[in-house]
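Novice: quick one, fold the following:
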Amino acid sequence: MNSKKRIVILCESYASIAYPLYRLTNESKDIQATIFIPTLKDLYHLFQIINEKVFRNELELIYYPEYSQRWTEGRRFKKLVYVLPDILGERRHLKKFYNRYFAGLENADIMFPSPGFSGAKIYFLRRLSQRNRLVFIDPGPPYMSRYSPRSINDIATLLIYKMVYGKDTQLGQFPQVNPWSKGFPLMPESFMKKSVGGVIDWSNRDEIMADFTWEKFRLFDTSNYKVIYFHQDLVDRDVPDRDTFSRELKSIFDVVRRHYPEKEIARKYHPGHELNKDVIEVGKELPVYIPAEMLYDKKVQIYLGISSNAIFSVRGGQAISLINLISFKSKELKKQQIEWMTKASRSAILFPSSLEELERMIIDISGKNL
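Specialist: The predicted structure follows:
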């Protein structure tokens with residue numbers, strides 16, 4: 001890998017797509033750009049399409065396939081049997097990948113959008129920092145923070161993380177207050193202070209992206225649809241049971257279909273969360289790897305979701321959250337999600353509290369667009 005005038009941008013989630021596209025669009029042509037995508041194959045597939053259709057295959061794309069850990073799936077005794085082989089196996093997997101793609105890299109800017117979630121990312125950044133410059137793409141709050149082990153399982157997980165990704169790896173939680181994600185690998189604050197050579201303030205990304213030309217990246221035609229539904233698999237997590245979830249979604253779409261024929265409705269599943277897809281099968285299924293920003297179209301009238309990020313930045317149509325029409329195990333979780341959506345949204349979101357209210361909203365919106 002030639003490190004002369006090179007940037008490597010780590011893109012680890014659909015939420016972190018905006019900066020790489022913005023940077024690549026505005027980058028000088030004499031800069032060699034690499035997009036590094038750990039574990040998310042759908043995201044890698046998306047960048048393959050973008051690379052071909054927008055950048056004439058001039059980007060270097062590197063995909064890291066996640067190591068399959070058997071100890072996380074096994075029960076009690078099997079967990080113990082698999083732990084040591086998995087630790088040794090993943091360390092070999094990481095080392096082999098690093099030597100193949102990054103061992104010769106020097107004097108490059110390595111940009112990354114978060115200090116946690118991926119242990120492989122932590123391993124690679126630690127090694128890359130020795131001969132390259134790490135640059136943190138600071139997204140602004142909410143931030144991750146350290147999570148203190150609270151059980152034997154937490155302690156065991158932390159020890160495994162340290163043995164695989166580095167001895168100073170910590171457990172993380174996100175966000176800092178009322179976290180909904182806990183126990184993932186996290187870089188220590190000391191590493192961030194010592195090894196990060198630059199920070200890009202991306203906290204005002206909404207202002208920056210306001211003038212960003214998304215059109216060149218809208219490679220997928222959605223002009224035939226008037227309703228797009230962004231689905232989340234909440235089974236075995238947030239909803240009481242699968243049947244209740246499916247029944248409530250069916251009642252919602254019975255209302256929608258009274259005003260829009262099936263051919264004008266599309267649904268898209270969340271990448272990497274494609275289990276229980278059959279809890280709702282209405283309209284045309286869109287490819288899972290396409291991010292919401294590339295589906296927004298002025299002809300789409302309504303964007304539906306429960307608490308998906310996809311309805312936060314709607315352009316041209318009306319975002320409607322179905323969260324109050326879905327039963328949750330925890331009323332407190334539902335309340336937190338609504339507060340979070342209201343705060344994070346960059347466009348107005350409607351929150352119907354009944355099917356009757358949803359229908360009135362649909363009638364009003366469809367009537368305005370006649």
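
Novice: tell me who's in contact with the residue lying closest to residue 64 once chain neighbours are set aside.
Specialist: Spatially, and ignoring its direct neighbours in sequence, residue 64 is nearest to residue 38 (4.3 Å; Cβ to Cβ, 6 or more residues apart in numbering). Glycine gets a C-beta too; all of them are placed from N, C-alpha and C. Counting by Cβ atoms under 8 Å, 6 or more residues apart in numbering, residue 38 touches 10, 12, 63, 64, 66, 118, 120, 121, 124.

Novice: give me the phi and psi for residue 38.
Specialist: Torsion angles at residue 38 (phi, psi; degrees, to the nearest 10) stand at phi -90, psi 130.

Novice: same deal with the one 5 residues further on?
Specialist: For residue 43, the backbone dihedrals are phi -70, psi -40 (criterion: degrees, to the nearest 10).

Novice: try residue 63
Specialist: Per-residue torsions, residue 63: phi -110, psi 130 (degrees, to the nearest 10).

Novice: before we move on, what about residue 25?
Specialist: Phi and psi for residue 25, reported as degrees, to the nearest 10, are phi -70, psi -30.

Novice: does it touch residue 212 like I think?
Specialist: Yes - under the criterion of Cβ atoms under 8 Å, residue 25 makes contact with residue 212 at 7.5 Å.

Novice: which one of those two is surrounded by more residues?
Specialist: With neighbours defined as other Cβ atoms under 10 Å, residue 25 and residue 212 compare such that residue 212 has more, 16 against 13.

Novice: for the lowest-mean-pLDDT helix or strand in the chain, which helices and strands make contact with it?
Specialist: Ranked by mean pLDDT, DSSP states H and E, the helix or strand of the chain with the weakest confidence is helix 205-209, at a mean of 78. Helices and strands touching helix 205-209, by 3 or more Cβ pairs under 8 Å, 6 or more residues apart in numbering; DSSP states H and E, are helix 18-26.

Novice: now do the helix it packs on: distance to the chain's middle.
Specialist: The chain centroid and the centroid of helix 18-26 are separated by 17 Å, computed with Cα atoms, centre = their mean, to the nearest Å.

Novice: which secondary structure elements does it contact?
Specialist: Against helix 18-26 (3+ Cβ pairs under 8 Å, 6+ apart) you get strand 6-10, strand 32-38, helix 205-209.

Novice: rerun at 7 Å
Specialist: Contact analysis of helix 18-26 by 3 or more Cβ pairs under 7 Å, 6 or more residues apart in numbering; DSSP states H and E lists helix 205-209 as its packing neighbours.

Novice: so for the following helix or strand past the least confident helix or strand of the chain, mean pLDDT?
Specialist: Where DSSP states H and E defines the elements, the next helix or strand beyond helix 205-209 is strand 227-231. Averaging pLDDT along strand 227-231 gives 94.

Novice: partners of strand 227-231, with directions?
Specialist: strand 265-269 (parallel), strand 302-305 (parallel) (DSSP bridges).

Novice: residue ranges with poor pLDDT in the stretch 51-200 of the chain?
Specialist: 70-80 (pLDDT under 70).

Novice: what ranges do the helices span in it?
Specialist: Under the criterion DSSP state H, counting those that start in this stretch, the stretch 51-200 of the chain contains helices at 76-101, 119-128, 152-165, 189-195.
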